[in-house]
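Enquirer: Fold the following for me, if possible:
(2 chains)
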Amino acid sequence: MSEQGEKKQTGKGILVISIIAIVVVAVLIGIIIFLVVSQNKSAEKTEEKRQVLVTEDNVEEVVKELEEQEELEEVAPGYYTVTMNTTWHFASGNEASYDAVVLNVEKNTNDVYFDIVMRDDESQVLYSSPVIPRGGQLDSITLDRVLDAGTYDTVVIYYLIDEQQNVLSTLRVGLSIVVEG
Amino acid sequence: MVRFKRVLAVVMATSMVLGSSLTAFASPIATTGQGDYEGNKVDYPVLSVTLPTADSTSGQFKYIADPNGLIRESGSMRYSGATWASDAQGVFFKNGENSYGALSKPLVVSNQNAQSIVLSVSLANKTAGQNVAYKNSSTFTGTDKEIYLALYNSDYSKSSAISQATTDGNTTYTAAKLDLLIQGKPSNYALKYSKVTTDAQSETYHYEKIANPTWNQESVYVGGLLNMAADWTSGENTAAITFPEVTVTWDYAAAPLVTIKSGIASTVTLNKKASGSDSITVSKVTLADGTAVAGTNYTATAATASANATVTLKADWITAAAPACVGDGYVITVVYSDSTSEPIVLLAK
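Expert: Below you'll find the model as predicted:
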């Protein structure tokens, strides 16, 4: 009888200690998870920027800063930022170029389209582009004419347009076209 | 009891392991190590150059030809409030809000790249004038109806004028042309590891512009003169006079931007190529001040139709030159046997 009683008591003891141990382990795991999560949150917090509270006292200053920022970023009137590579390669005359890229960067003031013409005979138009809006990009360009292998001296004529596609200004930039095969 | 002690020992050991932030598990003993390739050399973004446009109305390249002095004599009655440069000789470009002179306003070209660019600007005849010929010199002799239209660099030390030649009744026109080097600013770019755009799928190494960069720029002017000794009468009994229309074309290419390291020779592939069976050799290499680099400090290969010219700068010379090549780099010039040249920018990072 005493042996049975002893066994029962030992069993209960094991159970209690196991439960306590499991609780301890669970608490430790919880603490670790909490610490890891709170570190991530604080990292996110430092990346957030605060908005400026606009009041009657500072409204003119804030608006002026915003306007100045816009002015600094826009290209001056009478100018256009050309962003393109000046030599285009084509594996063959009827394929798209594998490296031609033309961007109309955001800071330009107008949408554009362009024509590519032969430098020594501008009546020969090799390509007419669609309109590229500000912030837009054109690549994988296939010429409108099939060219034989060789290097061609051409001119890109940019047309800066208004919303009705009226031409406001033009700009001419040299381009070398290389057809490899 | 023994079992109980065993269980207790296991549970306590587990607690101690999880509670210790300094616990390090011994990894299996490694006998191999795989190297991860970080990536190729990163290219700078597509070339970006800000250029002046030919406005279709106010026109940066439009000019007024007044050989008979009507504007001055009438007190600028047609152009109310405008001012006219007194030293102009019959040709006027609008160079201010309401002012005119013999030279256009400065046409500013801004190089917004890490690479330096070799810029070539040409002023060409688009539509010839009627009974008005181009003169390629600013000095007129005789009484022919002639116009001088030219390009000037910013300090007027270089100029080039449109010219014409007539053979067997056929007239050909040669454009005015100026070549300029506008240095790039590698210091305006920082190498980043992030998404290139907000909706890009993954992060990558790429160059980004720093905040509020400043760029190098050059100015070019268009100017003109008329032969005031000519009889500029146009009417029913005399030949009609119209003045030529001109266009401006901008050509540019990036100069090689070469990263150098002390003690390591550097081979540069140049832009120069020959045509047909010609071969164009490298005559000399010069420093920014024009001093020639000793021939023992480099080797070179010629430009042919199938291969670009190359220059290999020797390791000792690179070591000596490196301190001058920090920041935005140092320009050296390769001069060819056909008297042309091209720049190389050496950059020590």
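
Enquirer: center of chain A - which residue?
Expert: The structure's chain A has its C-alpha centroid closest to A:G135; by Cα atoms, centre = their mean the separation is 10.2 Å.

Enquirer: Count residues in the vicinity of the nearest residue to B:Y156 once chain neighbours are set aside, would you?
Expert: Distances taken as Cβ to Cβ, 6 or more residues apart in numbering or on different chains place B:Y221 nearest to B:Y156, at 7.8 Å, with adjacent residues excluded. (Glycine included, C-beta is placed from N, CA and C.) By the other Cβ atoms under 10 Å in any protein chain shown criterion, the neighbourhood of B:Y221 contains 21 residues.

Enquirer: go on, B:L51?
Expert: 22.

Enquirer: Pretty sure it sits in a helix.
Expert: No: using DSSP: H, G, I helix; E, B strand; the rest coil, the assignment for B:L51 is strand, not a helix.

Enquirer: Okay, and the beta partners of the nearest residue to it once chain neighbours are set aside?
Expert: Spatial nearest neighbour of B:L51, chain neighbours left out: B:W250 (5.3 Å); criterion: Cβ to Cβ, 6+ apart. Note on B:W250: beta-bridge partners by DSSP bridges are A:V173, B:V121.

Enquirer: B:L119 is in contact with B:W250, correct?
Expert: Yes: if you go by Cβ atoms under 8 Å, B:W250 and B:L119 touch, sitting 6.8 Å apart.

Enquirer: contacting residues around the residue minimising distance to the centre of chain B?
Expert: Centroid-nearest residue in chain B, with Cα atoms, centre = their mean: B:I117, separated by 2.8 Å. The contact partners of B:I117, by Cβ atoms under 8 Å, 6 or more residues apart in numbering or on different chains, come to B:L47, B:V49, B:N111, B:L181, B:I182, B:G184, B:Y252, B:A253, B:A254, B:A255.

Enquirer: Where do the helices of the chain begin and end?
Expert: Since no chain was named, I'll use chain A. With DSSP state H as the criterion, chain A has helices at A:2-47, A:59-73.

Enquirer: Chain B was what I was after
Expert: Using DSSP H, helices in chain B cover B:2-19, B:70-73, B:315-321.

Enquirer: What about the closest residue to A:S140 other than its chain neighbours, how many residues nearby?
Expert: Distance criterion Cβ to Cβ, 6+ apart; nearest residue to A:S140, sequence neighbours excluded, is A:A96 at 4.4 Å. Per other Cβ under 10 Å, the neighbour tally for A:A96 reads 12.

Enquirer: what separates A:A96 from chain B, distance-wise?
Expert: 17 Å (Cβ to the nearest Cβ, to the nearest Å).

Enquirer: which one is residue 174 nearest to, not counting chain neighbours?
Expert: By default, I'm working from chain A. The nearest residue in space to A:G174 (Cβ to Cβ, 6+ apart) is B:D251, at 3.4 Å.

Enquirer: You answered for a different chain; I wanted chain B.
Expert: Using Cβ to Cβ, 6+ apart, the closest residue to B:T174 is B:S163 (4.8 Å).

Enquirer: For B:N271, see how far away the nearest residue to B:V345 once chain neighbours are set aside is.
Expert: Leaving aside its sequence neighbours, B:V345 sits nearest to B:G329 (Cβ to Cβ, 6+ apart; 4.3 Å). For B:G329, the distance to B:N271 (Cβ to Cβ, to the nearest Å) stands at 17 Å.

Enquirer: Tell me which of the two has more neighbours.
Expert: The neighbour count for B:G329 versus B:N271, taken as other Cβ under 10 Å, is higher for B:G329 (27 against 17).

Enquirer: Tell me which residues touch that one, please.
Expert: B:S116, B:Q183, B:G184, B:P186, B:L257, B:V345, B:L346, B:L347, B:A348.

Enquirer: can you do 10 Å?
Expert: For B:G329, the contacting residues are B:114-116, B:183-187, B:255, B:257-260, B:344-349, by Cβ atoms under 10 Å, 6 or more residues apart in numbering or on different chains.

Enquirer: Could you do B:L347 as well?
Expert: B:114-115, B:184, B:186-187, B:257-260, B:322, B:325-330.

Enquirer: Grab the nearest non-local neighbour of it.
Expert: That would be B:G329: by Cβ to Cβ, 6+ apart, it lies 4.0 Å from B:L347.

Enquirer: Likewise for B:T299?
Expert: B:T312 (4.8 Å).

Enquirer: Quickly, which of the helices of chain A bottoms out on average pLDDT?
Expert: Note on these: lowest mean pLDDT is at helix A:59-73, with a mean of 53.

Enquirer: State the distance from B:N40 to chain A.
Expert: Distance from B:N40 to chain A, by Cβ to the nearest Cβ: 16 Å.

Enquirer: do B:T319 as well
Expert: Taken as Cβ to the nearest Cβ, the span from B:T319 to chain A is 34 Å.

Enquirer: Repeat that for B:I280.
Expert: Between B:I280 and chain A the computed distance is 16 Å (Cβ to the nearest Cβ).

Enquirer: Enumerate every residue touching that residue.
Expert: By Cβ under 10 Å, 6+ apart, the neighbours of B:I280 are B:K272, B:K273, B:A274, B:A302, B:A303, B:T304, B:A309, B:Y336, B:S337, B:D338, B:T340.

Enquirer: same deal with B:Y252?
Expert: The neighbourhood of B:Y252, defined by Cβ under 10 Å, 6+ apart, consists of A:82, A:86, A:173-174, B:47, B:49, B:51, B:109, B:111, B:113, B:117-121, B:180, B:182.

Enquirer: Over to B:K126?
Expert: Neighbours of B:K126 in contact, by Cβ under 10 Å, 6+ apart: A:E122, B:F61, B:Y173, B:P244, B:E245, B:V246, B:T247, B:V248.

Enquirer: Now neighbour count too, for the residues you listed, in JSON lines please.
Expert: Converted to JSON lines, the contacts of B:K126 look like this (neighbours: other Cβ atoms under 10 Å in any protein chain shown):
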{"residue": "A:E122", "neighbour count": "15"}
{"residue": "B:F61", "neighbour count": "19"}
{"residue": "B:Y173", "neighbour count": "15"}
{"residue": "B:P244", "neighbour count": "20"}
{"residue": "B:E245", "neighbour count": "13"}
{"residue": "B:V246", "neighbour count": "23"}
{"residue": "B:T247", "neighbour count": "18"}
{"residue": "B:V248", "neighbour count": "25"}
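
Enquirer: Between those, which sits nearest B:D155?
Expert: Of all the contacts of B:K126, B:D155 sits closest to B:V248, with 19.7 Å by Cβ to Cβ.

Enquirer: for that closest one, what are its contacts?
Expert: Contacts for B:V248 (Cβ under 10 Å, 6+ apart) come out as A:170-172, B:51-54, B:60-61, B:104, B:107, B:121-124, B:126, B:151, B:175-176, B:220, B:222.

Enquirer: Identify the residue nearest B:A161 in space, chain neighbours excluded?
Expert: The shortest distance from B:A161 to any non-neighbouring residue, by Cβ to Cβ, 6+ apart, is to B:A150 (3.8 Å).

Enquirer: So that neighbour versus B:A211, what's the distance?
Expert: B:A150 is 40 Å from B:A211, by Cβ to Cβ.

Enquirer: More neighbours: which of these two?
Expert: Each of B:A150 and B:A211 has its neighbours counted (other Cβ under 10 Å); B:A150 has more, 23 against 7.

Enquirer: With just CA atoms, put stretch A:140-158 into CSV.
Expert: Output of stretch A:140-158 as CSV, limited to C-alpha atoms (Å, rounded to 0.1, in the frame of the first residue of the first chain):
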residue,chain,number,x,y,z
SER,A,140,12.7,47.1,-78.1
ILE,A,141,12.4,49.5,-81.1
THR,A,142,12.0,48.0,-84.6
LEU,A,143,12.7,50.3,-87.5
ASP,A,144,10.0,51.1,-90.0
ARG,A,145,12.3,50.1,-92.8
VAL,A,146,14.5,47.0,-93.2
LEU,A,147,18.2,48.0,-93.4
ASP,A,148,21.0,45.9,-94.8
ALA,A,149,24.0,45.2,-92.5
GLY,A,150,26.1,48.2,-91.9
THR,A,151,26.5,51.4,-89.9
TYR,A,152,24.1,54.3,-90.6
ASP,A,153,24.6,57.9,-89.7
THR,A,154,21.2,59.3,-88.7
VAL,A,155,19.6,62.1,-86.8
VAL,A,156,16.8,61.8,-84.2
ILE,A,157,14.4,64.8,-84.5
TYR,A,158,12.5,65.3,-81.3
